[in-house]
Every structure is written in structure tokens, then in C-alpha cells.
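>>> Okay, sequence plus prediction incoming.
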Amino acid sequence: MTSRANSGGRDLHLDLRPVVRPGARGVRELLITALRDAVRSGRLAVGTVLPPARSLAADLGLARNTVAEAYAELVAEGWLASRQGSGTWVADGGRPAPAVQPRGAPGTPRHNLLPGSPDVSAFPRSQWLASARRALTSAPNAALRLGDSRGRPELREALAEYLGRARGVRTSAESIMICAGTRHSVELLAKTFGPARPIAVEVDSLFLFREAIASLGGATVPIGIDELGARVSDLVGLDTPAALITAAHQYPHGVPLDPSRRTAVLDWARCTGGYVIEDDYDGEFRYDRQPVGALQGLGPDRVIYLGSLSKTLSPALRMGWIVLPAEMLDAVVTATGGEQFYVNAIDQLTMADFITSGQYDRHIRRMRAGYRRRRETLVAALSDFDVGISGVPAGLHLLLTLPDGAEQTVLRRAGEAGVAVAGLARLRHPLAAPDAPQRDGIVVNFGTPADHEFAAALGGLCDVLRDGGLAR
């Protein structure tokens, strides 16, 4: 017999089919074997509470004493534990404990300074939980079904207000689409534009975007970068439908797009009928002045604006957004498949409340102050080394430029020391001109460690630079 036992809200699947109408003794032995195997295999984890004997017996069609005797036998053997009034559960002696990877094992750096994550230990758990409770309490039943492919209207309305106020974006809820992060946004745009013409990207940029476009059969073509940001003059003569640019804080060089180039790239888009895809990378985090407003605010008809929660809250939320020009909206909706499959509605409702309650603003302001202190501490420590620092005081990362030939040495020593950083060469577009200037460098994300880990991570980085012969 096969049963999914249900008692007190607990289900337990047991398969007793090998025995057909056995006697009581045969059933008991089979039940013991089935329970023992479930514990041994790990399907029933240590601490799992089992259904009461009476309920399990009813669901399996057995006598209560048969189940009670099986439980008692397994308790005596050490597979299960039991206490009057507390029920029966899987004991910790029933099977070997799962292997735990020791600290510092291969693949687990001692100090993680890789780009891509904020300090997730600072995630506002209690405030997020409060928003989730409020959102679920007031959510209509329709919110628990698949709905508008653009996402929940509550979140799109909250984002329209927030982005307009905090980032200078000109939009409405109707023009916003919720996505599963910025990479997903890029995938949807690549589907929309199609593979016929390559999309322009900055020559040093997130390889994840290039890979996303390539996975859909598309291609990319690089444009240069200098101290004024993306070299938009490189777009002249390119047969491309769009240019993907990090205008607020270029990754990895850390420079904002110069005002003259903001104007120039919008002129290019209007003259050619192309679009600027603005990845608002680190747009919320500027430390020497107010954050630069989004490029989209200057040209909402030609700029597709991308944002996400990956740096402000957590990449694990898998939530981002696209602000679309009106003439692009239907095409991108078609690319989604027509329904919202990507971001669950409960998280969307929670985020809407998190914004409208003011908690998102408060969290960003708090984190901005903390990251500014970390950056200042890092810059001060680096003054003892022969490295350059690229970019303005903003974001969660620094690009450290190194003497020629030093990048691979530093990366090797960092790996040996368990300090995870990114190499600049990994971010270079494969079609970059061979004679284009390219410095050695590493990208250090000072935002990743928790506060109590930051001093040790900084010390580990300095040891790597010192061992690499870069001390002044």
C-alpha cells in the first residue's frame, strides 16, 4: 500500500506495496524498514516530527498498535526519539551527520570581495517582514494568480513615484515592467530587438550581459571608455539598434557619463532611431555629492531604463524593472510570453509596501553612510601601495589599476590567500581592438563583507598586494 499520511498538518509518504495483505507481524516489519530507510537516506531529516501513531495507522489502514510497536522498536534502536507530550521525531543518532564544508575549503574564499553583492547581513529583515504582513493582509485574491505580464500594479505605481523622486526618471506605472533582475531585463530586450544587428556595449563591462545576449543568438559590439565615460562617438557608423551604457557609475571604471556625452548619445538615438539602454548601476550610491539623475529623464522616448534590488537589498530577491518608452512596450510584453512568470507576486507586493512605507529610502540612506565609510577606509589603506584608483566616490567597488604585468600575479596570490577579487581582463570585450590601451587591474567590492568582517578582509587584501611586491 502507498499512503501520504496526514495528521496535524503533517504529511508522511510511505510505500508498503511489496506486501500484499500480510499478517500483522509482516506489516510491522515492513513499516520499520520503510521508516529506517527514509531516515538513513536523509529523506526524513534529523528533528523531523512524525505523525502520531493513531493518525498514521488510520491513513495506512493499519492497527494503531502496529504503528506504535514500530515506533517503539525504532526508538529502542536509536533511529527515533520520543517524549510524552512531545511526540516522536527523528533522532540525531539515526544516520551520519551531513558533511559540512570546512571554512576555507576550495571554492569558499576566506574574504569575499567579488562584485555582485551588497552587505546582505544588513538586510532589513524585520522591516521586510512587516511589509510582507501588511501586503498579504490587504492583498486581493487576484494577486495570487498569474496576472499582468508587466507585474503587480501596486509595485509599478510605487516604483513610478520612487524613481521619479529619487532618480529623476520620467514614467508612469503603465510603462514599467517587473523582471527577475537586470540580466533578465537584458534578455527580454535582446529578444525584442532580435539577433539581426549587434547591440553596442562598453568595451569593459559585465560579461553576464554579453553572455545573455549571445545565449539568444545575438551579438554585441564594443565602444570605448575613457575618463569621461563611454565614448559615444564610437556609435557613429555602427549598425546597432541600441547601446547599453552605465551612465551613473560605469562598471568597472567607476566614472559617470560626462554631461556632453549624455547629450551626444541622446542625439545619436534620435538621429538613428536607436535606443539607449541605461543600466542604472550603483545609481543610488554617490558619496561626494547628490547622486546624478538618470539619463532617462533627459530622453524618456529614446532611453530604456534598467534597475534592480541586487545592490540595494539583495541579489537573492531576483527583482528588477524596465522603464520603457511607449512605442517599445507592446513588443517587450510580447517577448515575456504574455504573463508574469518571473517574479512572485508576494515579493512584489512586499516591495511595494517597503517603498510606500518609506523603509526603502531609510535603508538606502543608512547603507550609503556605511559604504562611504568603508570606501574611505579602503582608499586610506591603499595609499601605502603602488596602485591607482579609478573613478569617482560612488558605488560598492573600486577599480585598482596595477603596474603592467601585475594583474595575474595579484590574482594568483589572492587565490592562494583566499581573497576573492575580480580581474579587469575578464571584463574586456573579446572584440576589443588589440592595440587599444588596456591597463592591468583588479575590481574590489568593499560592499560585500559584513561590518564585522570588513577589517579582516581589508587586511587580507593588503597582504596580497604586499606579497605581490606592490608596497611603496
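Received, thanks.

>>> Correct me if wrong, but L399 is in a strand.
Yes - counting by DSSP: H, G, I helix; E, B strand; the rest coil, L399 is found in a strand.

>>> Can you tell me, leaving aside adjacent residues, what's nearest to I245?
A230 (5.0 Å; CB to CB, 6 or more residues apart in numbering). C-beta: built from backbone N, CA, C; applies to glycine.

>>> Any chance of the backbone angles for that neighbour?
phi -60, psi 140 (degrees, to the nearest 10).

>>> Relative to S308, how far out is it?
To S308, A230 is 20 Å away according to CB to CB, to the nearest Å.

>>> neighbour-wise, which of the two wins?
Set side by side, A230 and S308 show more neighbours around A230, with 30 against 23, by other CB atoms under 10 Å.

>>> Just confirm that one contacts W268, I think it does.
No - look at A230 against W268 with CB atoms under 8 Å: they stay out of range, at 11.1 Å.

>>> Pull the distance from the helix or strand containing A352 to the chain's centre.
Per DSSP states H and E, A352 falls inside helix 345-356. Offset of helix 345-356 from its chain centre (CA atoms, centre = their mean, to the nearest Å): 17 Å.

>>> what's next to it, contact-wise?
Residues outside helix 345-356 that contact it (CB atoms under 8 Å, 6 or more residues apart in numbering): 127-128, 131-132, 134-136, 139, 143-144, 147, 151-152, 154-155, 157-159, 161-162, 178, 309, 317, 319, 360-361.

>>> ok, now stretch 254-267?
225, 227-233, 235, 243, 245, 247-250, 276, 292, 295, 298-299, 302-303, 390-392, 394-395, 397-399.

>>> Which of the residues in that stretch are classified as buried?
The neighbour-count check on stretch 254-267 (16 or more other CB atoms under 10 Å) flags G254, V255, P256, L257, D258, R261, R262, A264, V265, L266 as buried.

>>> With respect to L208, which of those residues is nearest?
Nearest to L208 among these is G254, at 18.3 Å by CB to CB.

>>> Look up the closest residue to that closest one, ignoring the ones flanking it.
Nearest one to G254, counting by CB to CB, 6+ apart, is G391 at 2.0 Å.

>>> Next, count neighbours for the one you found.
The burial count assigned to G391 is 18, neighbours taken as other CB under 10 Å.

>>> same question, the one 3 residues further on
Neighbour count of A394, defined by other CB under 10 Å: 27.

>>> hang on, the earlier thing: overlap of the contact sets of A230 and W268?
A243.

>>> Can you tell me which of the contacts of helix 345-356 end up in helices?
If you go by DSSP state H, those have 127-128, 131-132, 134-136, 154-155, 157-159, 161-162, 360-361 in helices.

>>> And those residues, which of them are buried?
Among those, the ones that count as buried by 16+ other CB under 10 Å are 127-128, 131-132, 134-135, 154-155, 157-159, 162, 360.

>>> surely R170 meets P300?
Yes - if you go by CB under 8 Å, R170 and P300 touch, sitting 4.5 Å apart.

>>> ok, which stretches of this protein are helices?
Counting by DSSP H, the helices of the chain are 24-41, 53-60, 64-77, 125-138, 153-167, 182-193, 207-215, 259-272, 326-336, 345-356, 359-382, 407-417, 451-467.

>>> So what angle separates the directions of the shortest one and helix 24-41?
Right, helix 53-60. 100 degrees (axes from the mean of the first three to the mean of the last three CA atoms, to 10 degrees).

>>> List the buried residues in helix 53-60.
Neighbour-count burial for helix 53-60 [16+ other CB under 10 Å]: A53, S55, L56, A57, A58, D59, L60.

>>> Please apply the same query to stretch 379-394.
Those would be L382, F385, V387, I389, S390, G391, V392, P393, A394, for stretch 379-394 by 16+ other CB under 10 Å.

>>> and these, which two are the farthest apart?
F385 and A394 (21.6 Å).

>>> Convert the C-alpha atoms of stretch 309-327 to PDB, please.
The C-alpha coordinates for stretch 309-327 follow below in PDB (Å, rounded to 0.1, in the frame of the first residue of the first chain):
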ATOM      1  CA  LEU A 309      17.400  45.400  -6.000                       C
ATOM      2  CA  SER A 310      20.700  43.400  -6.300                       C
ATOM      3  CA  LYS A 311      22.900  46.200  -4.800                       C
ATOM      4  CA  THR A 312      20.400  48.000  -2.600                       C
ATOM      5  CA  LEU A 313      18.800  44.900  -0.900                       C
ATOM      6  CA  SER A 314      19.900  41.500  -2.100                       C
ATOM      7  CA  PRO A 315      20.600  39.700  -5.400                       C
ATOM      8  CA  ALA A 316      18.600  36.700  -4.000                       C
ATOM      9  CA  LEU A 317      15.400  38.600  -4.300                       C
ATOM     10  CA  ARG A 318      15.700  38.400  -8.100                       C
ATOM     11  CA  MET A 319      13.800  41.500  -8.700                       C
ATOM     12  CA  GLY A 320      14.400  44.400 -11.200                       C
ATOM     13  CA  TRP A 321      12.500  46.600 -13.500                       C
ATOM     14  CA  ILE A 322      12.500  48.100 -17.000                       C
ATOM     15  CA  VAL A 323      11.100  51.600 -17.700                       C
ATOM     16  CA  LEU A 324      10.100  51.500 -21.400                       C
ATOM     17  CA  PRO A 325       9.300  54.200 -24.000                       C
ATOM     18  CA  ALA A 326       5.700  53.900 -25.000                       C
ATOM     19  CA  GLU A 327       6.500  52.600 -28.500                       C
END
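
>>> so how far is that stretch from its chain's centroid?
For stretch 309-327 - counting by CA atoms, centre = their mean - the centre lies 10 Å from the chain centre.
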